[in-house]
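Colleague: Any chance you can model this:
(one chain, ligands or ions: 1)
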Amino acid sequence: MYKPVVDFIHNLYGTDELVPLHVPCFIGNEKKYLNECIDTTFVSSVGKFVDRFEEMLVDYTGSSKAVVCVNGTNALHMALLLVGVERDDEVISQALIFIATANAISYIGAHPVFIDVDRDTMGLSPEKLEKWLLASAEMKDGCCYNKKTGRRIKACVPMHTFGHPVKMTELVRICNQYHIELVEDAAESIGSFYKGQHTGTFGKIGVISFNGNKTITTGGGGILLFKDPELGVYAKHLTTQAKVPHRWEFIHDHIGYNYRMPNINAALGCAQMENIERYVENKRETAAVYKDFFAGLSIDFFTEPKDCISNYWLNAVLLSNKSERDQFLEYTNDNGVMTRPVWGLMNKLPMFENCETDDLVNTSWFEERIVNIPSSVRL
Ligand SMILES: *Cc1c(COP(=O)(O)O)cnc(C)c1O
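Modeller: This next block holds a predicted model:
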């Protein structure tokens with residue numbers, strides 16, 4: 001029954017072999033810059049590519065400061081520390097999210113609260129968030145507290161699922177009203193814009209990942225985007241062992257982290273960034289082709305929300321129900337096309353099964369229907 005899908009995708013990617021979900025694309029200066037690192041011996045924590053990569057991200061996203069990290073997960077950890085999340089605080093996020101976000105919250109000893117997503121974005125629902133806060137939160141001395149647990153609600157981490165921007169205007173308004181710090185998990189959304197502004201630049205901090213399966217890669221890597229450049233300077237300090245600059249003395253003024261991206265990874269990132277516009281354009285073309293094709297089969301293809309330009313990092317179809325989803329997964333994976341269901345919901349994992357949630361109606365609806373299909377750049 002799904003043979004046309006398999007044939008179409010093999011044809012789209014011009015191969016009879018396995019079509020993976022998302023693989024990197026190296027068509028520019030990657031080898032040249034990597035060789036430069038080796039020739040100069042600057043492969044590690046010092047080198048010009050780190051600064052250059054950060055500048056390229058500032059230019060491209062319009063943020064006022066960018067600080068690279070070893071990966072997106074520790075960039076999220078750092079972001080939560082920087083906005084002041086402490087042990088026993090609560091941090092609001094989505095149940096439909098990648099494990100990294102919930103893990104980063106847990107590293108601090110804070111507790112995630114999982115709120116439902118919207119049907120038109122697959123990301124955190126402002127309406128559901130507001131509803132939950134109205135029922136569950138109270139303000140004391142300028143801070144927001146959970147009435148039931150007594151814990152402070154310190155931050156909120158929405159995610160731009162598969163590159164589709166969430167409703168940032170509303171989320172910013174709600175978080176401001178409740179004095180909750182907003183950190184955007186923009187791990188998947190480089191090249192995605194909400195009302196003309198790059199994702200990851202609405203909250204106090206935004207995080208992008210450059211893991212091997214993302215739109216561009218540094219091998220492993222992540223970046224923090226800042227509204228406030230001063231906070232960025234402090235982030236750089238904390239991610240480099242909080243070492244106070246001195247010609248020879250080892251002085252450290254905080255508990256620091258070794259979270260800084262090595263030059264060799266940043267070199268790869270610079271070469272990748274030189275082609276970011278081509279990549280995003282190409283991914284959007286692929287999405288348009290998929291959209292037409294699936295319309296002909298009466299399979300629902302997820303398209304970018306209103307007022308948004310999405311990078312279509314991972315394309316998604318929505319099957320009618322769980323059994324059709326499972327048939328689709330089985331047929332495509334049996335026949336050389338890699339497809340995947342959405343991540344298991346956070347509140348069903350043993351580490352997070354006791355976390356507070358709202359009704360998660362849309363989240364559960366998506367869980368039974370989403371299938372991601374091959375989405376690599378085709379150049
Ligand atoms: C990839 C990803 C991360 C983590 O990034 P890594 O670089 O793999 O550590 C975090 N959140 C989301 C939503 C992601 O997709």
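Colleague: distance of the residue in the stretch 251-379 of the chain positioned nearest to the ligand from L21?
Modeller: The ligand sits closest to W313 of the stretch 251-379 of the chain, with a gap of 8.2 Å, by CB to the nearest ligand atom. (C-beta placed from N, C-alpha, C; glycine too.) Using CB to CB, to the nearest Å, one gets 11 Å for the distance from W313 to L21.
Colleague: do the same with T149
Modeller: In terms of CB to CB, T149 sits 38 Å off from L21.
Colleague: coming back round to it: which one is the residue of the stretch 251-379 of the chain closest to the ligand nearest to, not counting chain neighbours?
Modeller: Spatially, and ignoring its direct neighbours in sequence, W313 is nearest to G163 (3.5 Å; CB to CB, 6 or more residues apart in numbering).
Colleague: That neighbour contacts N315, correct?
Modeller: No. Contact criterion CB atoms under 8 Å: G163 and N315 do not qualify, at 9.4 Å.
Colleague: Looking at those two, which one has more neighbours?
Modeller: G163 (30 against 24; other CB atoms under 10 Å).
Colleague: what's near enough to touch the more buried one?
Modeller: Residues near G163 by CB atoms under 8 Å, 6 or more residues apart in numbering: E188, S189, G191, S192, T215, S310, N311, Y312, W313, L314.
Colleague: what does A295 give?
Modeller: So A295 contacts F301 (CB under 8 Å, 6+ apart).
Colleague: tell me the SS of it?
Modeller: helix (DSSP: H, G, I helix; E, B strand; the rest coil).
Colleague: At the contact with the ligand, which residues of this structure appear?
Modeller: 71-73, 98, 100-101, 159, 185, 187-188, 209, 211, 222 (CB under 6 Å from any ligand atom).
Colleague: Out of those residues, who's the most crowded?
Modeller: Going by other CB under 10 Å, D185 tops the residues of the chain next to the ligand with 32 neighbours.
Colleague: For the ligand, what is the nearest residue in the stretch 1-150 of the chain?
Modeller: Counting by CB to the nearest ligand atom, the stretch 1-150 of the chain gets nearest the ligand through G72, at 2.4 Å.
Colleague: Excluding chain neighbours, give the residue nearest to that residue in space.
Modeller: Going by CB to CB, 6+ apart, G72 has S209 as its nearest residue, at 2.9 Å.
Colleague: correct me, but that neighbour touches G219?
Modeller: No. Using CB under 8 Å, S209 makes no contact with G219, being 11.7 Å away.
Colleague: picking that back up, quick one: the residue nearest to W313 and T215, what's the gap?
Modeller: 7 Å.
Colleague: what do the two both touch?
Modeller: Common contact partners of G163 and T215 (CB under 8 Å, 6+ apart): E188, G191, N311, W313.
Colleague: looking at this, the second one is in a helix?
Modeller: If I follow you right, that is G191. No. Secondary structure of G191 (three-state DSSP): coil, not part of a helix.
Colleague: what about it, how many residues close to it?
Modeller: So G191, with other CB under 10 Å, has 24 neighbours.
Colleague: Same check on L225?
Modeller: Neighbours of L225 using other CB under 10 Å come to 30.
Colleague: Just give me how far the helix or strand it falls within sits from the chain centre.
Modeller: In this structure, L225 is located in strand 222-226 according to DSSP states H and E. How far strand 222-226 lies from its chain's middle: 11 Å, per CA atoms, centre = their mean, to the nearest Å.
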